[in-house]
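S.K.: any chance you can model this:
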Amino acid sequence: MNAKRLRKKRSLPTGPLPPRVAWLDGISMNVTPLISRPRNSSRIDYLLTVTCQGRDAADSSTWHLVRSFDEFRFFRKRLTANLQRGHFCHAECPWLYTFLKSYYPKSQLVGSTMSKVVERRRKTLTRSLATIRSFLLNRANHVCPLVMKGIALELLEFVVGSHQEPDHDRHGEVPEWLRQLLQRWQDGELDPEESTCSEDTQTGDSVLDKDICPLCDHPLVGHPRNEEVDGDRWSQLSGAEPFSTLTCGHNFHDECLIGKFNEALECPTCGRKERS
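M.R.: Below is the predicted model:
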């Protein structure tokens, strides 16, 4: 990589995570399709299952929220709007913006059966939520107020839900402390510098290091075709290569896949066959 593109590593703060993101420490999210509508209906709802793992089994809780695909799409639009494309910060906001724009499932997938569409959406929605969570837990991204105020709040509202939601769209009990956190945040009572009593969490490497195309060893998102492109980080990322997720779940740059698919219509990593 060109030396001028390398950035110095900053020393990250230690100690408890800020309360705006500390709630994510024990949270896991999973998406499954709900096939419960009449056969002549093309709408598929999705069940968002949220598990909050406490320090012992008695403190753990799980709840479920019914979300339409449009609700997930609007959620993505709110996230990208909160990122305010083009703003300056030292966080990886351009990376997250490009990830949401390029990876998030499309509203329509031409040439695929409904079962394939549903399964692909399930995988990408689940992975998108996990990526947003990892992004928020990465201390390097806490320097951006748009991340800490906008992105973190949008995710909290999405997984907690509102009291106005129909009972048949919500199952299980959200922990009271999590509801109180959301209420305090919405009422403007949450001090951005307030500490939390949860133990310090060792977050993993940046999501930037995890999403690599196996064929070229470059990041799936944020790797422009021309390494010599000048300009700010947002401009460089706007030229990032598009990538695809195969039915097996592996991801590759579209340009990298073309040559491999000319040899065999299968995943270059696991060998699973792809239908034309």
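
S.K.: which parts of the chain are helices?
M.R.: With DSSP state H as the criterion, the chain has helices at 19-22, 69-83, 93-103, 114-137, 145-146, 152-160, 176-186, 233-238, 254-263.

S.K.: and those helices, which one averages the lowest pLDDT?
M.R.: Here the lowest mean pLDDT among the helices of the chain goes to helix 233-238, at a mean of 56.

S.K.: tell me the mean pLDDT over stretch 28-41?
M.R.: The model assigns stretch 28-41 a mean pLDDT of 74.

S.K.: format the helices of the chain as JSON lines; extra columns: distance to residue 270 and mean neighbour count.
M.R.: C-betas here are computed from N, CA, C, even on glycine. Shown next, in JSON lines, are the helices of the chain (distance: least, Cβ to Cβ, whole Å; neighbours: other Cβ atoms under 10 Å):
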{"stretch": "helix 19-22", "distance to residue 270": "34", "mean neighbour count": "22"}
{"stretch": "helix 69-83", "distance to residue 270": "27", "mean neighbour count": "16"}
{"stretch": "helix 93-103", "distance to residue 270": "20", "mean neighbour count": "22"}
{"stretch": "helix 114-137", "distance to residue 270": "14", "mean neighbour count": "18"}
{"stretch": "helix 145-146", "distance to residue 270": "38", "mean neighbour count": "14"}
{"stretch": "helix 152-160", "distance to residue 270": "31", "mean neighbour count": "20"}
{"stretch": "helix 176-186", "distance to residue 270": "38", "mean neighbour count": "14"}
{"stretch": "helix 233-238", "distance to residue 270": "29", "mean neighbour count": "17"}
{"stretch": "helix 254-263", "distance to residue 270": "13", "mean neighbour count": "13"}
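
S.K.: those into CSV, with extra columns for distance to residue 48?
M.R.: Formatted as CSV, those follow (distance: least, Cβ to Cβ, whole Å):
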stretch, distance to residue 48
helix 19-22, 19
helix 69-83, 9
helix 93-103, 17
helix 114-137, 8
helix 145-146, 24
helix 152-160, 7
helix 176-186, 15
helix 233-238, 28
helix 254-263, 29
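
S.K.: and those helices: which comes nearest residue 28?
M.R.: Closest to residue 28 of those, according to Cβ to Cβ: helix 114-137, at 8.1 Å.

S.K.: same for that closest one, what does it pack against?
M.R.: The contact analysis (3 or more Cβ pairs under 8 Å, 6 or more residues apart in numbering; DSSP states H and E) places helix 114-137 against strand 27-34, strand 45-52, helix 69-83, helix 93-103, helix 152-160, strand 243-245.

S.K.: quick revisit: nearest to residue 30, out of the helices of the chain?
M.R.: Comparing those by Cβ to Cβ, helix 114-137 comes nearest, at 5.6 Å.

S.K.: quick one, the closest one and helix 93-103 angle?
M.R.: With axes from the mean of the first three to the mean of the last three Cα atoms, to 10 degrees defining the directions, helix 114-137 sits at 170 degrees from helix 93-103.

S.K.: hey, C-alpha coordinates of helix 114-137 in PDB?
M.R.: Output in PDB follows, covering the C-alpha atoms of helix 114-137 (Å, rounded to 0.1, in the frame of the first residue of the first chain):
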ATOM      1  CA  MET A 114     -38.100 -16.000  -3.400                       C
ATOM      2  CA  SER A 115     -36.400 -18.600  -1.200                       C
ATOM      3  CA  LYS A 116     -33.000 -17.400  -2.300                       C
ATOM      4  CA  VAL A 117     -33.900 -13.800  -1.900                       C
ATOM      5  CA  VAL A 118     -35.200 -14.400   1.700                       C
ATOM      6  CA  GLU A 119     -32.100 -16.400   2.700                       C
ATOM      7  CA  ARG A 120     -29.700 -13.900   1.200                       C
ATOM      8  CA  ARG A 121     -31.500 -11.100   3.000                       C
ATOM      9  CA  ARG A 122     -31.400 -13.000   6.300                       C
ATOM     10  CA  LYS A 123     -27.600 -13.400   6.100                       C
ATOM     11  CA  THR A 124     -26.900  -9.900   5.000                       C
ATOM     12  CA  LEU A 125     -29.300  -8.300   7.600                       C
ATOM     13  CA  THR A 126     -27.800 -10.400  10.400                       C
ATOM     14  CA  ARG A 127     -24.200  -9.600   9.300                       C
ATOM     15  CA  SER A 128     -25.000  -5.900   8.900                       C
ATOM     16  CA  LEU A 129     -26.300  -5.600  12.500                       C
ATOM     17  CA  ALA A 130     -23.200  -7.500  13.700                       C
ATOM     18  CA  THR A 131     -20.900  -5.100  11.800                       C
ATOM     19  CA  ILE A 132     -22.700  -2.000  13.100                       C
ATOM     20  CA  ARG A 133     -22.300  -3.400  16.600                       C
ATOM     21  CA  SER A 134     -18.500  -4.100  16.100                       C
ATOM     22  CA  PHE A 135     -18.100  -0.600  14.600                       C
ATOM     23  CA  LEU A 136     -19.700   1.000  17.700                       C
ATOM     24  CA  LEU A 137     -17.600  -1.100  20.100                       C
END
